[in-house]
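[1] Please find the sequence and the predicted model below.
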There are 4 protein chains.
Amino acid sequence: MSEKLLMKGNEAVAEAAIKAGCRYFFGYPITPQNDIPEYMSRRMPEVGGEYLQAESEVAAINMVHGAAGAGARVMTSSSSPGISLKAEGISYLVGSQLPSVIVNMMRGGPGLGGIQPSQSDYFQATKGLAHGDIKLGVLAPYSVQELVDLTYVAFEMADKYRNPMMILGDGMIGQMMEPVEFEEEIDPDNLPRKEWATDGTSGRDRNKITSLSLDASVLEDLNIKIQEKYSRMREEEVRYDEYKTEDADIILVAFGTTARICISAIDKVREEEGIRAGLFRPVTLFPYPEDRLEELSHDAEEFLTVEMNAGQMLEDVKRIAGKRRPVEFYGRCGGVIPGIEEIADKIKEMRGE
Amino acid sequence: MSEKLLMKGNEAVAEAAIKAGCRYFFGYPITPQNDIPEYMSRRMPEVGGEYLQAESEVAAINMVHGAAGAGARVMTSSSSPGISLKAEGISYLVGSQLPSVIVNMMRGGPGLGGIQPSQSDYFQATKGLAHGDIKLGVLAPYSVQELVDLTYVAFEMADKYRNPMMILGDGMIGQMMEPVEFEEEIDPDNLPRKEWATDGTSGRDRNKITSLSLDASVLEDLNIKIQEKYSRMREEEVRYDEYKTEDADIILVAFGTTARICISAIDKVREEEGIRAGLFRPVTLFPYPEDRLEELSHDAEEFLTVEMNAGQMLEDVKRIAGKRRPVEFYGRCGGVIPGIEEIADKIKEMRGE
Amino acid sequence: MSEKLLMKGNEAVAEAAIKAGCRYFFGYPITPQNDIPEYMSRRMPEVGGEYLQAESEVAAINMVHGAAGAGARVMTSSSSPGISLKAEGISYLVGSQLPSVIVNMMRGGPGLGGIQPSQSDYFQATKGLAHGDIKLGVLAPYSVQELVDLTYVAFEMADKYRNPMMILGDGMIGQMMEPVEFEEEIDPDNLPRKEWATDGTSGRDRNKITSLSLDASVLEDLNIKIQEKYSRMREEEVRYDEYKTEDADIILVAFGTTARICISAIDKVREEEGIRAGLFRPVTLFPYPEDRLEELSHDAEEFLTVEMNAGQMLEDVKRIAGKRRPVEFYGRCGGVIPGIEEIADKIKEMRGE
Amino acid sequence: MSEKLLMKGNEAVAEAAIKAGCRYFFGYPITPQNDIPEYMSRRMPEVGGEYLQAESEVAAINMVHGAAGAGARVMTSSSSPGISLKAEGISYLVGSQLPSVIVNMMRGGPGLGGIQPSQSDYFQATKGLAHGDIKLGVLAPYSVQELVDLTYVAFEMADKYRNPMMILGDGMIGQMMEPVEFEEEIDPDNLPRKEWATDGTSGRDRNKITSLSLDASVLEDLNIKIQEKYSRMREEEVRYDEYKTEDADIILVAFGTTARICISAIDKVREEEGIRAGLFRPVTLFPYPEDRLEELSHDAEEFLTVEMNAGQMLEDVKRIAGKRRPVEFYGRCGGVIPGIEEIADKIKEMRGE
């Protein structure tokens, strides 16, 4: 670990990407993540990497395709509407089995929406971002340090599974300043050679990267292979965090920055009301920590999903914990951040206080 | 009702749109739905409408935005990758509350994939098509006649809720020829005036159409309004169909063309094995027929979801019927159509025969 | 002739196009010609025509290609930078031998320049607008009535020679209001069928429109054919106007609105100084009225080219009249309109007064 | 001078650009100049430069604008239709006074035309490439060595005059292999600082690069300044070559590769017929070597312009030499290369043999 630096989330994720061996960044500006491309435009030339502002988000994701196909560690970043524009390209990355990292610093929608923080792209990130049976590994940090650490993880997972990974933050974590430490820097030249890459090296058979298979049975085989990777991710990559769940009667489920507010609300109701509340925080939104959440539903009496949206992860919590226990929801939309008080009130209401 | 005509699904949906008062069509070609734009390019001029092949799917969906904003009934169509390209624009339609109809004749993915039929965009259509807390009404026909009827429904719902609607078919239904009747033709000039439209009419206050709200509380109010519309849709628009569910021990859940194959499998196992199997077929995928499915889970002993994908609607069936009953899955991917025999075997396996 | 109407040049050229049978207009906005697309957007639907604002000037000229190829009378308009963007497409129109009319209401350059009137695209219009040995018929009106009349001529010539024609005006003539009369309206349905058009009509052999010829001798034959058309234009289409040239010792050569100012200057020096000055005004800039200008150089003693540019038509005047007589130049650039006084002073200086 | 290398013209111009300090290349593929971007894509990274294949020719020329504005030596290359697409951007380079080098390896037109060599963009290059009173310095090499040498000259002139320069070759010179020597390499870091560039350096007043001037008198001043640069180029940059003109009765005028064929034809008629023929070869097409050509028209009896087009430079020769002497033309179009025999026959015909 290096010395501690005080960094803004957007800059930290950019620096972490570089330290994780990323040398290609393609983007298109959108608030509230513009510090990422700005930082990259300055740092990439210093490390011999390439920064390019593409002519659109569609172009940027296709440039990611190109660099990933050539075997490089590559990243793009955007915020909600920009991610929608990348949808088709992301499906192509899955279909071509190309490792890559996509950062979404979510803002309020729908449409152009606003520039305040939001979590209203949970469904998009975890379920239906694009056509085809696709999944991205989705990592949801709740602090700048975790953002940094998960960036390394994202690049490792991307290469391991040959699949795009998404870092799902929001405007809050992007703008927040916190002290961070970076793991040891990875020299991209020391990374293992990608045998499948179209890196133009002579002395081997021709590699081909495509997502096209006009023969349905060939395409089904590809899908089976991809789904097997997702099964493996479900076994090997689940990450979550808990806070005071041991004795909890009511468990809040929240991801990202919302979880921070939930912790304060939990402390408050424990202290003021003696309510035994706890937090279950999925760190990987895909693969979702299903087993542990199911397990928790044996002891806790009820569940409260808190999100900065109209109720999205709620569906997963209902599907998993809802078999045994009631699941309620508290959320705010459009860039409004839920307050500690509001959440505490909701907990008290549920516990009948 | 008019006389019966033998029509291909793709042509029938186009003709139904025109009869439902649609006078604007913007598209970009992609197999297996090219008969739709081709038909529209010929028919639209005949009825005084506008057909335009845009320079891309992104352009097409934004032209839909323009026509919808001016108060017209407007449609676009595409197949899987093309729908992904429209994702951002669709979120804008939701945010600007603009009625419109989007046809997706699904093909196998991910990426460029193949041109054979598929249902692998269920998640996309019903959960996370784009950023923001958006929903489309999603209508899933299983015959050419139902495709025609639902097209009228889609335009009516679009106007009623000021929200885009999706007709979710697949390559099979698009190419299938069946006899169809059309309801009475709607003259767009007789449709009620849209008071909110930017139709340039003088003598009223200025209308403004936008999805931008930089003030978070204004944007939250918009979201609340939109979610209320979705609640109302859940109350008023649920559609489903059943086949031999009255005495069923095992209920298959399937939508679209897959449901046709399930019916044959059900008949087969009833006749040959005496297995009491039935079918629950959601016609609206959003709003999902949750109550009825939950109700069925009281009596039926087990559920089998059958899809042409890797298991997507499965999650909804698990969430709803899974509380009481085991839910299994049978699916084929990449354009492979499941056979009657395969499904029958799966049923038998589940029933322990 | 119809009744007299007071019209702005930009509107008059649009109305004249429609009366000349034009039913397709494709454009992209740029000052100072925006009244043309605006007028067309209103009028085209009234006459059953099509107006489309393309996504760029490049798109617009290619849409002209499409409509012209289908046999329609079609127009686009722009101002200087927008014409440059159309350069490639115009060469394709020539190569594919497609009739079409292009209006350039010139503004000051280079680059983005300004929005004031200019004649600095003379070289572009008459010499090197694009690659390949191309010529456009170039018509340079000096009044709104002539603008109207030449618009009919442009459509007739375009069809006669299967070549694009340019109407070369400037910001001044576009904004100027003058009374105009229109010739009898042409019904496009009564125009002779274009046997070469790809109008989808069955019952004839396949027509093909292309500018591609990979075989050099075939391409040379095409060029010879095109050059023969230009020779024929030189014989049949030359148009010019003269003012007091009969006894002139000094002849001003000017086109378009500049010619109006020259006439005032000529009257002034004739009256005040007794200088016998006259004006030669080419109406067709291509084909250039070479023979008449050469003829005039037998009697007149000297020539003065006046342009709103840095000296472009000057080269042609030198080439033709310069064999016998001295040719001088007076011009203003960047949107500055030369004054009567300035021109009169230049005449006096040349005549040694 | 370095050792002699056998190089293809297209590769030689690319290497010469790099040796002349060019570190930015933006292009879009088109035959017959694809070796240039290909070579650049390999070489630029080796010298720490940037190579980018843009999404279109329009994009490429605007990237040139960006790099030139930042003070770098930058080049783009294309062939005829691609140059037309760059027309608007080139006018912006002139208006913003940005040094840059544009290579046109001409092919037969008009439109898509063919891929064989041609000189049919002479008018475009020297007269009306785009709107506004613009000129490019135009350099027309006739051998690979001259192509190399003129590339250095082009970069020097571009910086000296802050104006784009064009190297006008054709498919023949691009494909031709000849031994070449390179002048000493220029390190871009040792080039004088461009005080006007927007290179982001702090410690000086803000620089602004624009071609916009809404005030006509300001725009006229810019035009005057630009025309003064062109006058200076006419005084200082004229280059030409002659072959056996001393005693010539008939002088051929030709540029580029056509001049090579003319030399053979001249040798042939001198040897076989005793005709005293010579060649005047303009190396700079702008500024055109007017004075020397005029001078030659005092002694030589007649002139023959030979071009691979329908007669373009012919107009300049007529304007200059045509005052005293008859000027005739011989040309081939569409990619057909004139033969020695044909030219010799034309000479004989003119000399009455």
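    Received, thanks. As the structure is a prediction and not an experimental result, all values here were calculated from the model. Residues are numbered from 1 along each chain as shown, chains lettered A, B, ... in the order given.

[2] now the strands for chain A?
    A:5-8, A:24-27, A:50-53, A:74-78, A:100-106, A:137-139, A:164-170, A:177-180, A:240-243, A:250-253, A:277-282, A:284-286, A:302-307, A:327-331 (DSSP state E).

[3] Now tabulate those strands in CSV and tack on mean pLDDT, mean neighbour count and distance to D:Ala59.
    From N, CA and C alone the C-beta is placed, and that goes for glycine too. Putting the strands of chain A into CSV (pLDDT from 0 to 100; neighbours: other C-beta atoms under 10 Å in any protein chain shown; distance: least, C-beta to C-beta, whole Å) gives the following:
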stretch, mean pLDDT, mean neighbour count, distance to D:Ala59
strand A:5-8, 96, 17, 32
strand A:24-27, 98, 26, 15
strand A:50-53, 94, 18, 12
strand A:74-78, 98, 29, 19
strand A:100-106, 98, 30, 24
strand A:137-139, 98, 26, 34
strand A:164-170, 97, 29, 26
strand A:177-180, 97, 16, 37
strand A:240-243, 98, 16, 46
strand A:250-253, 98, 27, 47
strand A:277-282, 98, 25, 42
strand A:284-286, 98, 23, 36
strand A:302-307, 98, 25, 41
strand A:327-331, 98, 21, 43
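
[4] Where does pLDDT dip in the stretch 251-353 of chain A?
    Regions of the stretch 251-353 of chain A meeting the criterion pLDDT under 70 are absent.

[5] Residue of it closest to chain D, please.
    Closest approach between the stretch 251-353 of chain A and chain D, counting by C-beta to the nearest C-beta: A:Phe286, at 32.6 Å.

[6] hey, what's that residue bridged with?
    Here A:Phe286 sits in beta bridges with A:Val138, going by DSSP bridges.

[7] Out of the strands of chain A, flag the one nearest C:Pro37.
    strand A:50-53 (31.4 Å; C-beta to C-beta).

[8] hey, C-alpha coordinates of that closest one in CSV?
    Output in CSV follows, covering the C-alpha atoms of strand A:50-53 (Å, rounded to 0.1, in the frame of the first residue of the first chain):
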residue,chain,number,x,y,z
GLU,A,50,-4.1,6.8,-24.9
TYR,A,51,-6.9,9.2,-24.0
LEU,A,52,-9.5,10.0,-26.7
GLN,A,53,-12.7,12.1,-26.4
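
[9] for it, packing partners?
    In this structure, strand A:50-53 packs against strand A:24-27, helix A:35-46, helix A:57-69, with contacts taken as 3 or more C-beta pairs under 8 Å, 6 or more residues apart in numbering or on different chains; DSSP states H and E.

[10] Parallel or antiparallel, list what pairs with it.
    Per DSSP bridges, strand A:50-53 is paired in its sheet with strand A:24-27 (parallel).

[11] Residues contacting the strand it pairs with from elsewhere in the structure, which ones?
    With C-beta atoms under 8 Å, 6 or more residues apart in numbering or on different chains as the test, strand A:24-27 has contacts from A:14, A:17, A:36-37, A:40, A:44, A:49-54, A:59-61, A:63-64, A:67, A:72-78.

[12] Show me what counts as buried in stretch A:283-295.
    Neighbour-count burial for stretch A:283-295, with 16 or more other C-beta atoms under 10 Å in any protein chain shown as criterion, is recorded at A:Val283, A:Thr284, A:Leu285, A:Phe286, A:Pro287, A:Tyr288, A:Pro289, A:Arg292, A:Leu293.

[13] now, which of the residues you listed sits nearest B:Ile224?
    A:Leu285 (24.7 Å).

[14] Do I have it right that the closest one meets A:Phe123?
    No. A:Leu285 is not in contact with A:Phe123 according to C-beta atoms under 8 Å; the separation is 10.3 Å.

[15] winner for burial among the helices and strands packed on strand A:50-53?
    Burial of these is given as mean neighbour count (mean count of other C-beta atoms under 10 Å in any protein chain shown); strand A:24-27 ranks first at a mean of 26.

[16] Need the CA coordinates for that strand. PDB is fine.
    C-alpha atoms of strand A:24-27 as PDB (Å, rounded to 0.1, in the frame of the first residue of the first chain):
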ATOM      1  CA  TYR A  24      -6.700   3.200 -22.900                       C
ATOM      2  CA  PHE A  25      -9.600   5.500 -22.100                       C
ATOM      3  CA  PHE A  26     -12.400   6.600 -24.400                       C
ATOM      4  CA  GLY A  27     -15.200   8.900 -23.300                       C
END
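
[17] What residues does the stretch 1-150 of chain A have near chain B?
    A:58, A:80-85, A:87-88, A:91-96, A:106, A:108-116, A:120-134 (C-beta under 8 Å from any C-beta of the partner chain).
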